[in-house]
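[1] Structure, please.
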Amino acid sequence: MNLSEREKEVLTLIVKEFSSQEIAEKLKISVRTVDTHRKHIGKKLKTKSLIGLTKYAIQIGMIEGFRYSEQK
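    Numbers count the residues shown, from 1 in each chain. Prediction:
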């Protein structure tokens, strides 16, 4: 899945449990822009849940210290 660099930044902060307001302040963008990025990320990853976003971030190695493997 191709996320833009900004979407990756936003996703990283989302999975670190930052609020939209905190993300906006940290990235110097509006809360509305953060919410738009969240919406686009959710559509691209076909999920709206924090769990789904976190699972994706772990799978691609965005979160250090975690390993993910598909269990069958």
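[2] and the one helix or strand in the chain whose mean pLDDT sits lowest, which residues are buried?
    For the chain, scoring each helix and strand by mean pLDDT, DSSP states H and E identifies helix 50-59 as the least confident one, at a mean of 86. With burial defined by 16 or more other Cβ atoms under 10 Å, the residues of helix 50-59 counted as buried are 53-54, 56-58. C-beta here means a position set from N, CA and C on the backbone, and glycine is covered the same way.
[3] Out of those, flag the one nearest to Gln21.
    Distance to Gln21 across the buried residues of helix 50-59 (Cβ to Cβ) is lowest for Leu53, with 17.9 Å.
[4] Please, which helix or strand holds the most centrally placed residue in the chain?
    Against the mean C-alpha coordinate of the chain, by Cα atoms, centre = their mean, the closest residue is Leu11 at 1.9 Å. Here Leu11, judged by DSSP states H and E, is contained in helix 5-15.
[5] contacting residues for Lys48?
    For Lys48, the contacting residues are Gly42, by Cβ atoms under 8 Å, 6 or more residues apart in numbering.
[6] try 10 Å
    Residues near Lys48 by Cβ atoms under 10 Å, 6 or more residues apart in numbering: 38-39, 41-42.
[7] What of Gly42?
    48-49, 52-53.
[8] Please tell me how far Ile41 sits from Ser49.
    12 Å (Cβ to Cβ, to the nearest Å).
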